[in-house]
Every structure is written in C-alpha cells, then in structure tokens.
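Undergrad: Output the structure for:
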Amino acid sequence: MITIRKTLTLLALIALFLAACSPSMKPTMILPTPAENDEEAEVLNITPFPTRPAYEPGELVEYIAQTGDTLDVLAARFNTTVAEIRKANTFIPEDVTTMPPGMPMQIPIYYHPLWGTPFQMIPDGAFVNGPDAAAFDSAQFVAQTQGWLKDYNNWAFSGQRTGAEMVDNIGLNYSISPKLLLALLEYMGGAFSQPTLSPTGERNLLRQDPYRNPILYLQLSSAADQLNDGYYHWRSGDLLEFELADGSLVRLDPWQNAATVTLQHLFSKTMGVAEFYRAIGPDGFSKTYAELFGDPWLIEPHIPGSLRQPEMLLPFETNEVWAYTGGPHTGWGSLAPWSALDFAPPAAVSGCAPSSVPTTAVADGLVVRDGPGILVLDLDGDGDERTGWTVFYLHVAAEGRVPVGTYVNAGDPLGFPSCEGGRSTGTHIHIARKYNGEWMAADGVIPFVMSGWRPMRGDLPYQGYLVKGDLRVLASETPGSLSMIPAEVE
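TA: Residues are numbered from 1 along each chain as shown. Have a look, this model is predicted:
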C-alpha cells in the first residue's frame, strides 16, 4: 500500500523536476492520491483547493497589501528582498512602517514548491481582541445557545467560573477575540452542538496535552498561547513552513494572512492529515465561524498604513537609575509575540522585596483595567483597551496602585513594582504595547521607543540591548553596571 508520506515524497520530486522544465504547469498544493487507507481516502472527499502556477525567478506578481504587512516580512514570504520590492514599487515612502491595507503592489517572486492553499479562513481583524470584538458580549451569546458550554462551570483564576467568563479572561490576557475562541470550542469540541461534555472529553477539547491541561480553562490557555505564537511568527517572517502529522511539508502561501496561518499551524499540530485539510478549507473552521458570527470579511482592517507609536517616556521617574532586566520577550503567556520589556527599580536587596520607588505612566491615558499585578493604560481615553494604543503593565503591586478610571499624565505614578501577577525572580515591571488589540513587537518596524531608548533583541527572549545614540545598555536578569539606564539630566 502506498502511504501518504511516500505519495507526497514522490509527487514532490516530480514537482521539482517539472518546475525546472515547465513552470506554467506546476500546481502548488499536492494532495495524496487514492489508497486503501481510510485516512488517505478521506482527503479525497475535500473540496479541491485553488492552486497557483510556478513562477519564473524574479517574475513580478500582483499583491494587494493586507493589514499589518511590512516590507521585510513580504520579502521573506516571497523569497525576495526589500530592495527588489522597492524597485518594483517606487511610490513606497522610505520611512514606511506598515503597508496601507488594499494597496496594489507588484512583488518579485522566487518560487518554492509545495506551497499551501491560498484559501483564507478569517481576516486578521477577527483574530485579535480588537475593534470587532469591542461590542461582543460572550455571556449573552452563550446564554442564547444550546450545548454543553451554556451550563459549564469549573474552577479558574481563583474562583468558580462559567465557560463565557473563561473565554473572556483568556481573550483579554492573550488579546485573542472571544469569537474566535468560541468558534474553536464549537469546531473542535461541539460547544454549541453537543448536549453534554464527558469528563474525559474535557481533557482533549482542543487537543492540548491532557495531563498538563485537564480542564477547559487550561485547554483554552494552551491553545491561545500556540495561536499567538503562530500569528506573530508569521507577522515577523519567521514562520514560513511546517509539517503535518505524517511528516509531509507545507510551505505557506505567500499571499496568506496571519489569522489563517496560525489556525493552519494549530491544526497541523492537533489533527491528522485528512482532518487538517478539511479544517483549513471552505467547509471547515471558516464555515463554523460564519455560521456563528456572520461573514468575518466585512470587518475593517485593524492596522492602518504607516502606523506610528505616540511619544512615550521610560516607565519610571527621570531622576532615578533603573536596570534593564529583560529584552524583548512574550507579552503574555510563554511564546510569541516578543512585545514586552522588563525594568527593575533601585533596591538594597535582591529578590521579591517591596519597593518604594513607583513605576510611572509612559504617556497620557486612562487606567482601564487592573488585576493580579496588572494595570492597563488606554492612550486614546475611550475606556476600551481593544481600540487604539494601550500599554500593558504587569507586576504592579495592589497596594498603592492607581485605581481604574483614573486619568493620568505622562510621568505620573501608577503604583509600585513587585513580583505580583506571575512568575518572577525579583521585583520589576513588565511592560508591553498593543494597537487595536494587536501586540506590537518591541523591536519591530514600530519599535518600543521610550525617552529615545530603542530596544534591540538578542538571540533568545529576554536578551538584547537598549540603545540611545552612542549609549548601549545590556539586558540582564542579574543587573550590573552595564544594565543600568542613566538618569536624565535636566
């Protein structure tokens, strides 16, 4: 019997040969041929995906800019260079950050075989907990449905919680739309179509490790961490291919969008080959999402062209010398995005000792959320952290913290650094940014510049530097003189 893996390998070799002699005849996605195995045969019942031709080296292809696109990442996806893209699109300004959504472009492409499907499941604005989710009420939605999620409750974040409360909590912390999380629970776990959930069914709802994640809240948290990891690695140009359960390779279509890519990536890790292809097609997850929440493609793009960060200050008083203890690392969870930076106040002792030195507002804004160690500053002042620029602080002590609803000016005290709100080896502040619900990479095309200091990432999370002119400060969890940020002189 010919297995999927052998079939794919044979077809891949044929494809490579054809690409060299007949570029116009080569399809990009290869599905298994019929075989006796039920798993393989199931693939053949899936609606065929559209394909793309092979292209001559450097051939110009049409591309419509999508929300959040940047030149360096487009170059990585199309296997070309920023210089070649600029040469073909001379109208692009030198200081551009993000591409304007909907802008026609021509991109020189260098062909890779085995590209995945160009079918897009949902737009990026439906992935993030941004403007599209601002008016959505999870509890109200779940209450009007049938299925096991309606009456579900269990212990989570220090109390007995409903399923809707868990979805909202994870949606806020990871900044993933609660609509997307609910659609996942229906598609993978029958949240609205199955009347009951068995105890063993809960352990495998989203195919996360059942021993480390035996309940719904932990299944959702683990899946959310993986979803953010795929989404932001596509954003940074680091995720370009992955393997399926049988070891076959999928190279992501260069025209894809981040939300589709991260769903494909999650499904590749949790599903068999046939189930994967069905999930990523028009009869899969996207159909479930549309049946629950309507057509997601009516959503407006959430990242505009040439986005700029407003001016920000360092998160402490200018006459203080703080240490830079963490270069770019995860904003929330354990994986991407590398959106956060860490700063520690001056202290006579190390470890988790109380501090009398406050952390301060990096910009004018409204305090809109707090929690265990959490404080969120809304810079547009509309009271909703899902819209506009927001700054997320973690490890802010509960005692002495500015209350929700307080409007502060840049440089005003917010509270005191601590170890509250998560794992920490010492008193410090963790700080990250979001725009319209999307975490912004600390060292990305829109860098997290505070008081003129710009972060540079290292090879690993938490490593790197802060740079300002000729000055360079080293990120270190055990800070010494090289990690001290000099006080500003008035």
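
Undergrad: Where do the strands of the stretch 251-400 of the chain begin and end?
TA: Using DSSP state E, counting those that start in this stretch, the strands found in the stretch 251-400 of the chain span residues 322-330, 338-344, 359-360, 365-371, 374-378, 389-394.

Undergrad: Select, out of those, the one closest to residue 80.
TA: Checking these against residue 80 by CB to CB gives strand 338-344 as the closest, at 24.6 Å. Backbone N, C-alpha and C define where each C-beta goes, glycine included.

Undergrad: What is that closest one packed up against?
TA: For strand 338-344, the packing partners by 3 or more CB pairs under 8 Å, 6 or more residues apart in numbering; DSSP states H and E come out as strand 322-330, strand 429-435.

Undergrad: now the angle between strand 322-330 and it, please.
TA: Interaxial angle, strand 338-344 versus strand 322-330 (axes from the mean of the first three to the mean of the last three CA atoms, to 10 degrees): 160 degrees.

Undergrad: Name the spans of the stretch 51-200 of the chain whose pLDDT lies under the cut-off.
TA: Scanning the stretch 51-200 of the chain for pLDDT under 70 picks out nothing.

Undergrad: all helices for it, in order.
TA: Counting by DSSP state H, counting those that start in this stretch, the stretch 51-200 of the chain has helices at residues 71-77, 82-88, 138-143, 163-174, 178-189, 199-202.

Undergrad: and the last one, which residues are buried?
TA: Buried residues in helix 199-202, defined by neighbour count with 16 or more other CB atoms under 10 Å: residue 202.

Undergrad: repeat for the first one
TA: The neighbour-count criterion (16+ other CB under 10 Å) identifies 71, 73, 74, 75, 76, 77 as the buried residues of helix 71-77.

Undergrad: Report how many residues lie close to the residue nearest to the second one when sequence neighbours are not counted.
TA: In this case it means residue 73. Leaving out its chain neighbours, the residue that sits closest to residue 73 by CB to CB, 6 or more residues apart in numbering is residue 237, at 4.0 Å. Residues near residue 237, counting by other CB atoms under 10 Å, number 14.

Undergrad: How about residue 54?
TA: By other CB under 10 Å, 21 other residues sit near residue 54.

Undergrad: Might one say that it is in contact with residue 112?
TA: No: using CB atoms under 8 Å, residue 54 is not in contact with residue 112, being 9.4 Å away.

Undergrad: What residues does the nearest residue in space to residue 201 that is not next to it in sequence make contact with?
TA: Nearest residue to residue 201, sequence neighbours excluded (CB to CB, 6+ apart): residue 189, at 7.4 Å. Taking CB atoms under 8 Å, 6 or more residues apart in numbering, we find residue 189 in contact with 197, 201, 205, 206.

Undergrad: Tell me both backbone torsions, phi and psi, for residue 56.
TA: phi -70, psi 150 (degrees, to the nearest 10).

Undergrad: Tell me how far it lies from residue 77.
TA: Using CB to CB, to the nearest Å, residue 56 is found at 18 Å from residue 77.

Undergrad: Pull the contacting residues for the closest residue to residue 368 other than its chain neighbours.
TA: Nearest non-adjacent residue to residue 368, counting by CB to CB, 6+ apart: residue 378, 4.4 Å away. With contacts defined as CB under 8 Å, 6+ apart, residue 378 is in contact with 365, 366, 367, 368, 384, 385, 388, 390.

Undergrad: Which of the buried residues of helix 71-77 sits closest to residue 254?
TA: Closest to residue 254 out of the buried residues of helix 71-77 is residue 77 (4.1 Å), distances taken as CB to CB.

Undergrad: Export the strands of the stretch 251-400 of the chain as a markdown table, with columns for distance to residue 449.
TA: As requested, those are exported to a markdown table (distance: least, CB to CB, whole Å):
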| stretch | distance to residue 449 |
| --- | --- |
| strand 322-330 | 13 |
| strand 338-344 | 11 |
| strand 359-360 | 16 |
| strand 365-371 | 17 |
| strand 374-378 | 17 |
| strand 389-394 | 13 |
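
Undergrad: Show me the one of the ones you listed that comes nearest residue 85.
TA: Closest among those, using CB to CB: strand 338-344, at 24.3 Å.

Undergrad: got the angle between the helix ranked longest in the chain and helix 178-189?
TA: When the chain is scanned for its longest helix (criterion: DSSP state H), the result is helix 216-236. Using the same axes, to 10 degrees, the direction of helix 216-236 lies 110 degrees away from that of helix 178-189.

Undergrad: roughly how far out does helix 216-236 sit from the chain middle?
TA: 7 Å (CA atoms, centre = their mean, to the nearest Å).

Undergrad: Which is the succeeding secondary structure element to it?
TA: Per DSSP states H and E, the first helix or strand lying C-terminal to helix 216-236 is strand 241-243.

Undergrad: and residue 104, how far is that from residue 259?
TA: 22 Å.

Undergrad: more neighbours, these two?
TA: Between residue 104 and residue 259, counted using other CB under 10 Å, residue 259 has the larger neighbour count: 25 against 9.

Undergrad: Contact partners for the more buried one?
TA: Contacts for residue 259 (CB under 8 Å, 6+ apart) come out as 121, 122, 123, 124, 126, 127, 180, 231.

Undergrad: What of residue 427?
TA: Residue 427 touches 344, 345, 347, 351, 352, 353, 354, 355, 395, 417, 418, 419, counting by CB under 8 Å, 6+ apart.

Undergrad: Quick check: of those, which lies closest to residue 145?
TA: Distance to residue 145 across the contacts of residue 427 (CB to CB) is lowest for residue 395, with 37.5 Å.

Undergrad: Could you measure from that closest one over to residue 415?
TA: Residue 395 sits 10 Å away from residue 415, taking CB to CB as the criterion.

Undergrad: And for residue 172?
TA: Relative to residue 415, and taking CB to CB, residue 172 is found at 19 Å.

Undergrad: Those two: which has the busier surroundings?
TA: Set residue 172 next to residue 415 and count neighbours by other CB under 10 Å: residue 415 wins out with 25 against 20.

Undergrad: pretty sure residue 52 is touching residue 119, no?
TA: No: assessed by CB under 8 Å, residue 52 is found out of contact with residue 119, at 11.6 Å.

Undergrad: can you list the helices and strands packed on strand 338-344 in a markdown table and add distance to residue 264 and mean neighbour count?
TA: Output for the helices and strands packed on strand 338-344, formatted as a markdown table (distance: least, CB to CB, whole Å; neighbours: other CB atoms under 10 Å):
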| stretch | distance to residue 264 | mean neighbour count |
| --- | --- | --- |
| strand 322-330 | 22 | 24 |
| strand 429-435 | 24 | 26 |
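
Undergrad: And the ones you listed: which comes nearest residue 286?
TA: Nearest to residue 286, of the helices and strands packed on strand 338-344 and by CB to CB, is strand 429-435 at 25.3 Å.

Undergrad: which strands and helices sit next to the helix or strand following that closest one?
TA: Using DSSP H and E, the helix or strand that directly follows strand 429-435 along the chain is strand 438-439. Using 3+ CB pairs under 8 Å, 6+ apart as the contact test, no helix or strand touches strand 438-439.

Undergrad: State the next helix or strand along the chain beyond strand 438-439.
TA: Immediately after strand 438-439, counting by DSSP H and E, sits strand 454-457.

Undergrad: Sort out which residues of that following strand are buried, please.
TA: Residues of strand 454-457 classed as buried: 455, 456, 457 (neighbour count, 16+ other CB under 10 Å).
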